[in-house]
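[1] sequence unknown, structure follows:
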């Protein structure tokens, strides 16, 4: 379908989306009044936020970032077509002041704001999004490229351009993207997107960092160095002022942001402290206003402090297993060995005695999500006798008379170390396996896992949108975030079938069948527990709301006077 016909059909068929809570139109900016301070007393307080982001970010490029620390910074530096309500997480206008969809819920037409600008004063245009999405699909380091597959033509274009890169080191041209991928610009302020199938969470994707725009001229001029403060150009509520590796990232308000008058913080300093004891002490000494995790050893003390918070979190803590036929170790190739490692873990004692913050022991991977009618499979419970029998069978099949030393890899963090030590102890006591622990800083850890340079590796996954697909499509063959070497044609077919199924109950059943392959049969991962979001936050920090995805847009935050 050509671009002109795409635009005409969208214009003929669109219908407005449902209104938000309290009768407030989600496609206006009136809803923001709910988040304005009651009076001007905040103006008498120093509006400089210091928070611990937990790790040195791997990158500040939204097109290739994958981790939670990076995503948190992206919320300050960039803005997608859509943003999130800071409390309810409902889709709200971002760069797009409004959007409409057709009766089939496959055409989306976004109207961009006339005053949306880059930090250098250039207007943010529909083609900026079109080019940024093209660039992501052509970027070998974009692990989230599959999130564009919902757009008609995107999957095949991505596969073809990656194949082309392998031959010529040059991607398919932008003009080819415009012809093949159904993302069209009808005028200087309108972007039209055609999806393969109705996708209820598409607006959530439009708020996600991979869908955020990159300033084309800056990227083309500076290449990988475009995110350095002296080169950087963004379109979010804050500017990148300084980046001192392993020390801090400093951000200040962006005067060209379309809603600059709403922003109240005058400075944000993000710290990359991975030592939770240091982070906690910094909070106690009033050298940080918000820390995003807690040292296990300090939990009892922290729970008596009104500034401690703990809340449900749409996230799973698990271990990846390297099952790649070429890069993976021989002693993990038989699924019975992986099954044995999973059922040898006593998750109840792990969460009760080690993590101790209300985490839910879970031999499944995806949380229950009521809005999608999804309940995960039960997984396999702790069973030492079954674990020993499975290990014996698996070793016999591989011709092993003695099980080799196993290496458990995690990113540097005292709490990850405590979990790894307890799991290693369980494997030694139940299975007689000797386990070595290995750790590295965040950036090295991500690179090693991506390149399959590990045996078993600690992992966590936080939902990018509130739907089970955000957990389950990562295990597709060749998926950018798979990083296990695992592949299953049956699994791939079920995920593809679920993506086309409009009935929620039937779709949930298909996804449950798919997850059961992972957690009740093949075990390329070892699920451990469902996260909780916990940390410390000063009571005077307002505009920060508890939510299951730990999303906290900085433009809503401000300090009120201390009573």
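    On my side now, so go ahead. Given the structure is predicted, the values throughout are model-derived calculations rather than measurements.

[2] which residues touch the one helix or strand residue 391 maps to?
    Residue 391 belongs to helix 384-398 when assigned by DSSP states H and E. Here helix 384-398 makes contact (C-beta atoms under 8 Å, 6 or more residues apart in numbering) with 330-331, 333-337, 339-341, 343-344, 380, 401, 403, 430-431, 433. From N, CA and C alone the C-beta is placed, and that goes for glycine too.

[3] pLDDT (mean, whole number) over that helix?
    Taken as a whole, helix 384-398 has a mean pLDDT of 97.

[4] Would you mark the buried spots in that helix?
    387-388, 390-392, 394-395 (16 or more other C-beta atoms under 10 Å).

[5] Could you dump those residues into CSV with distance to residue 458 added?
    Listed next are the buried residues of helix 384-398 as CSV, based on distance: C-beta to C-beta, whole Å:
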residue, distance to residue 458
387, 20
388, 24
390, 22
391, 21
392, 27
394, 22
395, 24
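
[6] Go through those residues and say which is closest to residue 517.
    Checking these against residue 517 by C-beta to C-beta gives residue 390 as the nearest, at 17.1 Å.

[7] Contacts only, for the nearest residue to that closest one once chain neighbours are set aside.
    Distances taken as C-beta to C-beta, 6 or more residues apart in numbering place residue 340 nearest to residue 390, at 3.9 Å, with adjacent residues excluded. Contact analysis of residue 340 by C-beta under 8 Å, 6+ apart lists 386-388, 390-391, 394, 431.

[8] from those residues, which single one is nearest residue 351?
    Nearest member of the contacts of residue 340 to residue 351, counting by C-beta to C-beta, is residue 387, at 18.8 Å.

[9] For the closest residue to the closest one other than its chain neighbours, which residues are in contact?
    In space, and not counting its chain neighbours, residue 387 is closest to residue 344: 3.8 Å by C-beta to C-beta, 6+ apart. Applying C-beta under 8 Å, 6+ apart, we find residue 344 in contact with 382, 384, 387, 426-427, 430-431.

[10] for residue 322, same thing?
    328-329, 332, 452, 454-457, 484-485.

[11] Same question for residue 468.
    366, 369, 372, 374, 376, 508, 511, 515.

[12] Tell me the one among the residues you listed nearest to residue 44.
    residue 369 (43.2 Å).

[13] Could you check how far the residue nearest to residue 390 is from residue 430?
    The gap separating residue 340 from residue 430 is 9 Å, by C-beta to C-beta, to the nearest Å.

[14] is it true that residue 202 touches residue 195?
    Yes - judged on C-beta atoms under 8 Å, residue 202 makes contact with residue 195 at a distance of 6.4 Å.

[15] shared neighbours of these two, anything?
    108, 150.

[16] hmm, back to that, closest one of the buried residues of helix 384-398 to residue 537?
    For the buried residues of helix 384-398, the nearest to residue 537 is residue 387 (40.9 Å; C-beta to C-beta).

[17] about what we covered before: got a quick ChimeraX command for the buried subset of the contacts of helix 384-398?
    In ChimeraX, a selection of the buried entries from those looks like this (16+ other C-beta under 10 Å):
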select :331,333,334,335,336,337,339,340,341,343,344,380,403,430,431,433
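
[18] Now intersect the contacts of helix 384-398 with the helices, please.
    335-337, 339-341, 343, 430-431 (DSSP state H).

[19] Dump the residues you listed to TSV, plus pLDDT and distance to residue 534.
    As requested, the ones in helices among the contacts of helix 384-398 are exported to TSV (pLDDT from 0 to 100; distance: C-beta to C-beta, whole Å):
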residue	pLDDT	distance to residue 534
335	98	34
336	98	36
337	98	34
339	98	31
340	98	32
341	98	27
343	98	28
430	98	29
431	98	31
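
[20] Quick one: end-to-end distance for stretch 182-192.
    8 Å (C-alpha to C-alpha, to the nearest Å).

[21] Greatest separation within the contacts of residue 340: which pair is it?
    386 and 394 (12.3 Å).

[22] Next up, phi/psi of the spatially most central residue of the chain, please.
    Residue closest to the average C-alpha location in the chain (C-alpha atoms, centre = their mean): residue 464, at 4.6 Å. Main-chain dihedrals, residue 464, degrees, to the nearest 10: phi -80, psi -20.

[23] That one and residue 506: what is the separation?
    According to C-beta to C-beta, residue 464 and residue 506 sit 23 Å apart.

[24] ditto for residue 52
    From residue 52 across to residue 506, the span is 44 Å (C-beta to C-beta).

[25] Of those two, which one has the most company?
    residue 52 (28 against 13; other C-beta atoms under 10 Å).

[26] and stretch 172-182, what's its mean pLDDT?
    97.

[27] Would you mind measuring from residue 470 to residue 105?
    Counting by C-beta to C-beta - residue 470 and residue 105 are separated by 19 Å.

[28] hang on, the earlier thing: report pLDDT for the residue nearest to residue 387.
    Value listed for residue 344 in the pLDDT field: 98.

[29] likewise residue 201?
    Predicted confidence (pLDDT) for residue 201: 95.

[30] which residues does it contact?
    Contacts of residue 201 (C-beta under 8 Å, 6+ apart): 465-467, 469-470.

[31] Now the residue nearest to residue 243 when sequence neighbours are not counted: which helix or strand?
    Once flanking residues are discounted, residue 243 sits nearest to residue 249: 5.1 Å by C-beta to C-beta, 6+ apart. Residue 249 is part of strand 248-253 when elements are defined by DSSP H and E.

[32] Now that strand: buried residues?
    249-253.

[33] quick check, nearest of those residues to residue 411?
    Of these, the one sitting nearest to residue 411 (C-beta to C-beta) turns out to be residue 249, at 18.6 Å.

[34] Buried residues in stretch 448-463, which are they?
    Buried-residue list, stretch 448-463, by 16+ other C-beta under 10 Å: 448-449, 452, 454-459, 461-463.

[35] Disregarding residues adjacent in the polypeptide, which is nearest to residue 473?
    Using C-beta to C-beta, 6+ apart, the nearest residue to residue 473 is residue 495, at 5.7 Å.

[36] How many neighbouring residues does the one you found have?
    21.

[37] cool, residue 39 as well?
    Neighbours around residue 39, by other C-beta under 10 Å: 8.

[38] and it, what are its phi and psi?
    According to degrees, to the nearest 10, residue 39 has phi -150, psi -170.

[39] Relative to residue 539, how far out is it?
    Counting by C-beta to C-beta - residue 39 and residue 539 are separated by 18 Å.

[40] tell me the SS of residue 531?
    Secondary structure state of residue 531, per DSSP: H, G, I helix; E, B strand; the rest coil, is strand.

[41] now do the one 3 residues further on
    Classification of residue 534 into helix, strand or coil gives strand, according to three-state DSSP.

[42] Could you pull up phi and psi at the closest residue to it other than its chain neighbours?
    Of all residues not flanking residue 534 in the chain, residue 310 sits nearest, at 4.2 Å (C-beta to C-beta, 6+ apart). Main-chain dihedrals, residue 310, degrees, to the nearest 10: phi -150, psi 140.

[43] quick one: residue 310 and residue 182, what's the gap?
    Distance from residue 310 to residue 182, by C-beta to C-beta: 44 Å.

[44] the more surrounded of these two?
    Counted by other C-beta under 10 Å, residue 310 and residue 182 do not tie: residue 182 has more neighbours, with 20 against 17.

[45] which residues sit against stretch 535-543?
    So stretch 535-543 is contacted by 35, 37, 42, 45, 49, 86, 264, 280, 283, 289-294, 302, 305-309, 544, 556-562 (C-beta under 8 Å, 6+ apart).

[46] just checking, residue 311 is part of a helix?
    No - counting by three-state DSSP, residue 311 is located in no helix; its state is strand.
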